[in-house]
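Asker: Provided below are the primary sequence and the corresponding predicted coordinates.
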Amino acid sequence: MKRLFLVLTLLSLLLAFSVPAFADSHCMDDLGCVEIGPDDPIVVGAMLTVSGATSFLGEDSRGGIEIAINDRDGMVLGREIELVVEDSLCNAEGGVSAATRLAADDTIVGVVGTNCSGAAQGALPIISSAGMLMISPSNTSPSLTNADTDAGGAYLPGYFRTGHNDLFQGAMAAQFASDVLMAGSLATIHDGDPYTEGLAVVMADTFAELGGEVVFQGAVSKGDTDMTAILTEIAASGPDVLYFPLFEPESNFIAAQLVNTPGLEGTIMMTADGSLVAGFTANTGDAAAGIYMSGPSVSGDAYDEFLAKWDEEYGGVPPSGFHAHAYDATNMLLDAVEAVAEEQDDGSLVVGRQALRDALSAVDGYEGLTGALTCQSESPFAGDCATGTALAIFEITQAELDGNWPPPIVWDLSMAMMEEG
Amino acid sequence: MFKWRTEDFSWVDFTIDVLRVLIVLAVIIGSWNTLSSGRISFAQWVNLFIAGLSQGSIYALIALGYTLVYGILLMINFAHGEVFMAGAFSTVFLAEALNRTGFLNTQPMLSIILMILFAGLISMTVAILLERIAYRPLRGSPRLVPLITAIGASFFLQYTFRGLYGSGFKAYPQVKVLQGTVPIGAINIPTVQIFVFVSALFLMLGLHWLVERTRVGKAMRAVSENKEVARLMGIDIDWVIMFTFGVGGFLAGSAGVINGLFRPQGVNFFMGFIPGIKAFTAAVLGGIGNIPGAMLGGLFLGVIEAIGPNLVLAGLGIPGANQLKDVIAFTMLVLVLIFRPQGILGERLSEQKA
């Protein structure tokens, strides 16, 4: 008798928990649905670096997201868009806490973020197991799109990004240094951040494969202002090219101090999209002239228009180089919501979570500010929407010192193919 | 030195002795390896040394603020790095304006003096407000309380300035006359580094004169000796403490401008954090509460940081030696705390001060 009672209790409990799934006849989605009442807004989450030393990244992305929302007059499917921003800092712990808070809110359709690859590693397991999706504007670590956990891969379903995988950007920089600049020797500097270290390593490896000699691989730490010591050490090996894919201000310090370092007069400087920032030339001074930078080919009228909106909205220029990626990520997410949402008879909306992921995976040739985006689904590029074809090399010239931005494109992959063909 | 097999054998003493020997060995072997490899020329060593002196004189100016306040209140003002930031960040806009009108390069000395006064004034105001609002109401409370308040004030200042000026980076414009180098013998020394060192020296001499030769300096020394007796002698303690914060703030603000001439880039709301910690290290290194100690500690730290990674760490074959610059600075702090807690010039503190 006692046992029967127990079994009955358990059964009734089980039923009680499964009732909502049975009762919910509209939702046919494997991962469940976001249900939005007739008068409720559509809620978009964001995990950004809101506080701390790298908060310029968060401010930069947030501007991109807000401009994307403003461009739709704050509406999608006739409803208002509400943005919920959580601080994911620039580390795994921050990613965990931001993702936990967003995952607890079942009205959120999708999340834009994180800024730092480290934060994404903390956030992704939570977002993925909650059935949600995240699109990062600025993660670049190759591990995030690699599903092979034995090789250090951290990919989980529901992850997308519009930032460029280091594998694309580092390799492209190496090809440019080797084929166009005809460099024979290379030195690299990173700052211990997964982004800078990933780029420096990929660049060095590819450069060596192409037949060049890597003479120095070193690092500075974030917050260093005095680069004399490391530059003196590099001068001892006198490389043709110095690659320092850092953020501001470390990249400013290196560029400005390199000019005064004896032995590095002939060295060509190259950096990456972390420094492809409108303030870079003003912050570096005359030493910026002649620096090559890799990054998304953000140029043309659409980008100028974006910058004009930024100036109008926030004044000045974006503080970092990933605002256009954030703009594209937000638009892709909102487009997917538009495509997937089903309106019910009572006026409410049902958005399938798996359907939303599928819609993003199916993005093919989307023309964004950062070039054509095609989301891939095969590891090691699972979730990479920036395919690398829209990357370009820019050169800082006197015109940029006088205030022009973005700088002219001097080389891109289509030119590489022409040279080969 | 070694006390094993005796009655009073202590593992702590033993470990410290071993540590002492290991450090000396590491320094000797590292330096020997580097110097015998000849990887870096004599001229380059001199350049590193001078750059270290310039950086060190900026640390010293900030360190003076820590030491002055500690000397008088026995508290560590951990928001002092933000006082430095306040002056440096605000003055970047003045510098840009001066540069736009061309005044900066037609009247460089006048502009720099103007900038130093402006930054000093801003930092002084911030420091005085900090004392009045955050520290004075807590005077007399347990020592942990103002320490926690200082950390809170530090965050408050950082995010206030981010709110005011944004989170992006700014840079000081270049001053044309300070570009280029001065040949001394066979070695070219950057003009700006000489300028930085000399102007920091002037400010320190000014402080020395203020403390040793003026009435208010006498009052400061009296308060630092014994607050109660000073009060009985008719000294307005509150005013002297405020004045001390103001002087420390002025020095930090001028350090902000001098730093802007030396390392123009990287001006943002977070820029005070690392120099603040380094300067605190310098103050402890020299003997906290001791004014010449802070100057010496700052210079010493700057030089160690510039030369240490290349001389010792690279010689020991440690990869990424330059990334470990901060490790050298903070290892110095730990070593001083272990072997000479009173600092290089510090006297043994009496019970009351320690």
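Answerer: Here it is on my side, so go on.
Asker: Would you point out the helix or strand in chain A whose mean pLDDT is lowest?
Answerer: Lowest by mean pLDDT, DSSP states H and E among the helices and strands of chain A is helix A:2-23, with a mean of 55.
Asker: partner strands of the following helix or strand past that one, parallel or antiparallel?
Answerer: Counting by DSSP states H and E, the next helix or strand C-terminal to helix A:2-23 is strand A:33-36. Strand pairing for strand A:33-36, determined by DSSP bridges: strand A:349-352 (antiparallel).
Asker: Packing partners of the helix or strand that the partner strand is followed by?
Answerer: Downstream of strand A:349-352, the first helix or strand assigned by DSSP H and E is helix A:353-361. If you count contacts as 3 or more C-beta pairs under 8 Å, 6 or more residues apart in numbering or on different chains; DSSP states H and E, helix A:353-361 packs onto helix A:323-340. (C-beta placed from N, C-alpha, C; glycine too.)
Asker: Tell me the pLDDT of the residue nearest the centre of chain A.
Answerer: Among the residues of chain A, the one closest to the centroid is A:Ser138, at 1.8 Å (C-alpha atoms, centre = their mean). With respect to pLDDT, A:Ser138 scores 91.
Asker: Could you do B:Gly102 as well?
Answerer: B:Gly102 is given a pLDDT of 89.
Asker: Where does the residue nearest to the centre of chain A sit: helix, strand or coil?
Answerer: When classified by DSSP: H, G, I helix; E, B strand; the rest coil, A:Ser138 comes out as coil.
Asker: Now for it: which residues touch it?
Answerer: Counting by C-beta atoms under 8 Å, 6 or more residues apart in numbering or on different chains, A:Ser138 makes contact with A:Leu57, A:Ser61, A:Asn115, A:Cys116, A:Gly163, A:Phe322, A:His325, A:Ala326.
Asker: And for the closest residue to it other than its chain neighbours, the neighbour number?
Answerer: Excluding its sequence neighbours, the residue lying closest to A:Ser138 (C-beta to C-beta, 6 or more residues apart in numbering or on different chains) is A:Phe322, at 3.9 Å. For A:Phe322, the count of nearby residues is 28 (other C-beta atoms under 10 Å in any protein chain shown).
Asker: sorry, back to before: what's the spacing between the residue nearest to the centre of chain A and A:Ser88?
Answerer: The gap separating A:Ser138 from A:Ser88 is 11 Å, by C-beta to C-beta, to the nearest Å.
Asker: Return every residue with contacts to both of those two.
Answerer: With C-beta under 8 Å, 6+ apart, A:Ser138 and A:Ser88 have common neighbours A:Asn115, A:Cys116.
Asker: if we can go back for a sec, pick the one among the contacts of A:Ser138 closest to chain B.
Answerer: A:Leu57 (8.8 Å; C-beta to the nearest C-beta).
Asker: Leaving out the residues flanking it, which one is nearest to the residue of the stretch 101-250 of chain B found nearest chain A?
Answerer: Across the stretch 101-250 of chain B, no residue is closer to chain A than B:Gly168, which sits at 3.3 Å (C-beta to the nearest C-beta). Spatial nearest neighbour of B:Gly168, excluding adjacent residues (C-beta to C-beta, 6+ apart): A:Pro319 at 3.3 Å.
Asker: could you pull out the helices for the chain?
Answerer: No chain in the question, so chain A it is. A:2-23, A:55-71, A:92-103, A:117-129, A:166-175, A:194-209, A:228-235, A:250-258, A:280-284, A:301-314, A:323-340, A:353-361, A:398-401, A:413-420 (DSSP state H).
Asker: The intended chain is chain B.
Answerer: B:11-37, B:42-73, B:80-101, B:103-106, B:108-129, B:144-165, B:191-213, B:215-225, B:227-232, B:237-262, B:273-286, B:291-308, B:325-339.
Asker: dump the residue contacts of B:Val257.
Answerer: When contacts are counted by C-beta under 8 Å, 6+ apart, B:Val257 touches B:Gly87, B:Ala88, B:Thr91, B:Ile112, B:Met115, B:Ile116, B:Ala119, B:Tyr172.
Asker: Tell me, what's the model's pLDDT at the residue of the stretch 201-350 of chain B found nearest chain A?
Answerer: Nearest residue of the stretch 201-350 of chain B to chain A, counting by C-beta to the nearest C-beta: B:Gly266, 2.9 Å away. In this model, B:Gly266 is scored at 86, pLDDT.
Asker: any idea how far it lies from A:Thr206?
Answerer: Counting by C-beta to C-beta - B:Gly266 and A:Thr206 are separated by 30 Å.
Asker: which of those two has more neighbours?
Answerer: Counted by other C-beta under 10 Å, B:Gly266 and A:Thr206 do not tie: B:Gly266 has more neighbours, with 25 against 19.
Asker: was I right about the more buried one contacting A:Phe247?
Answerer: No. In this structure B:Gly266 lies outside contact range of A:Phe247 using C-beta atoms under 8 Å: 10.4 Å.
Asker: any shared contact partners between those two?
Answerer: Counting by C-beta under 8 Å, 6+ apart, nothing touches both B:Gly266 and A:Phe247.
Asker: returning to that earlier point: name all residues that make contact with the residue nearest to A:Ser138.
Answerer: Contacts here follow C-beta under 8 Å, 6+ apart; on that basis A:Phe322 touches A:Leu57, A:Asp60, A:Ser61, A:Gly64, A:Asn115, A:Pro137, A:Ser138, A:Gly163, A:Asp273.
Asker: now those residues in a markdown table, with distance to B:Leu22?
Answerer: Listed next are the contacts of A:Phe322 as a markdown table, based on distance: C-beta to C-beta, whole Å:
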| residue | distance to B:Leu22 |
| --- | --- |
| A:Leu57 | 41 |
| A:Asp60 | 46 |
| A:Ser61 | 47 |
| A:Gly64 | 52 |
| A:Asn115 | 41 |
| A:Pro137 | 47 |
| A:Ser138 | 43 |
| A:Gly163 | 45 |
| A:Asp273 | 44 |
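Asker: filter those to the buried ones?
Answerer: The neighbour count (16 or more other C-beta atoms under 10 Å in any protein chain shown) marks A:Leu57, A:Asp60, A:Ser61, A:Gly64, A:Asn115, A:Pro137, A:Ser138, A:Gly163, A:Asp273 as buried among the contacts of A:Phe322.
Asker: Looking at these, which one is closest to B:Gly289?
Answerer: A:Leu57 (40.2 Å; C-beta to C-beta).
Asker: can you list the residues of the stretch 1-150 of chain B near chain A?
Answerer: Contacts of the stretch 1-150 of chain B with chain A, taken as C-beta under 8 Å from any C-beta of the partner chain, map to B:Arg39, B:Ile40, B:Ala43, B:Gln44, B:Asn47, B:Leu48, B:Ala51, B:Gln55.
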